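>>> Need coordinates for the following:
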Amino acid sequence: MGLLIDGQIYIVGEYVHVKPAKGSAFVRIKMKSVKTGNVLERTYRTAEKLDDVPLDERRMQYQYRSGDEFHFMDEESYEQVTMQAKDLEENFIKLLQENMRVIGLCYEHQVLRMSLPNFMVCQVVGTEPGIRGDSSRSGNKPATIDTGALINVPLFINKGDWIKIDTRTGGEYVERVQK
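Numbers count the residues shown, from 1 in each chain. Below you'll find the predicted structure:
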């Protein structure tokens, strides 16, 4: 759901309805700005009216990058959409793969924000070999995945392994997968 607050569109992340023993009920909302990515927390009385913004999710496919421009194709209308690097989140750019399906968040036929699938499978293209019985270091080591991003993986992961990562946390390791 989207809300219009102070001229900006926000996406509701979390909300809690609170009904205290004394006083009137209220709603605590945690939301994120579509344009800037800033997180805003506000509290509203249940009687207050908020401006609801109808947002559409469109399935898109990443095509290619040309300098600071990223080119996508709408999978329904085959319309080409170009986004500037400054309008995309850093984690989005570092985890993006060619031909990857992404979600475009749109308002009045204009793409405001792009998001990756929650999980993705990638190949480890570079990492130190894990040394058996090495307990002097922590349980993780740095690894480069096929998108070029650097993430932390467990010691047993080797070059060439396929792993599942969580894109919501910037590429945190989830599990090793068979490909």
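>>> Helices of this structure, start to end?
Using DSSP state H, the helices of the chain run over 90-95.
>>> what residue ranges in it score low on pLDDT?
For the chain, applying pLDDT under 70 flags the ranges 130-138.
>>> Give the residue farthest from the middle of it.
residue 22 (39.4 Å; Cα atoms, centre = their mean).
>>> ok, now which ones touch residue 13?
Taking Cβ atoms under 8 Å, 6 or more residues apart in numbering, we find residue 13 in contact with 30-32, 39. All C-beta atoms are positioned from the backbone trio N, CA, C, and that covers glycine.
>>> From residue 42, how far off is it?
12 Å (Cβ to Cβ, to the nearest Å).
>>> beta partners for the residue nearest to residue 152 when sequence neighbours are not counted?
Once flanking residues are discounted, residue 152 sits nearest to residue 140: 4.2 Å by Cβ to Cβ, 6 or more residues apart in numbering. Counting by DSSP bridges, residue 140 forms beta bridges with residue 154.
>>> you'd agree residue 140 is up against residue 153?
Yes: counting by Cβ atoms under 8 Å, residue 140 does reach residue 153; the two are 6.4 Å apart.
>>> Quick check: neighbours shared by these two?
residue 173.
>>> Counting neighbours, go ahead and name the busier of these two.
Set residue 140 next to residue 153 and count neighbours by other Cβ atoms under 10 Å: residue 153 wins out with 22 against 13.
>>> Looks like the more buried one contacts residue 128 (just checking).
No: between residue 153 and residue 128 there is no contact, the gap being 10.4 Å when judged by Cβ under 8 Å.
>>> who touches stretch 52-72?
Applying Cβ under 8 Å, 6+ apart, the contact partners of stretch 52-72 are 1-4, 9, 11, 73-76, 80-86, 88, 93, 96-107, 111-112, 114.
>>> what's the answer for stretch 86-105, then?
Stretch 86-105 has contacts (Cβ under 8 Å, 6+ apart) with 11, 34, 37, 55-64, 68, 70, 72, 74-75, 81, 85, 111-117, 120, 122, 146-149, 165, 167, 170-171.
>>> Of all the residues in it, which ones are buried?
88, 92, 95-96, 100, 102, 104-105 (16 or more other Cβ atoms under 10 Å).
>>> Break this structure into its domains for me.
2-53, 56-115, 119-177 (automatic domain parsing).
>>> Spit out the residues that contact residue 153 and residue 128 alike.
Shared contacts of residue 153 and residue 128, counting by Cβ under 8 Å, 6+ apart, come down to 141-142.
>>> about what we covered before: so what sits against both of residue 13 and residue 42?
Common neighbours of residue 13 and residue 42 (Cβ under 8 Å, 6+ apart) are residue 31.
>>> Right, I'll call it a day here.
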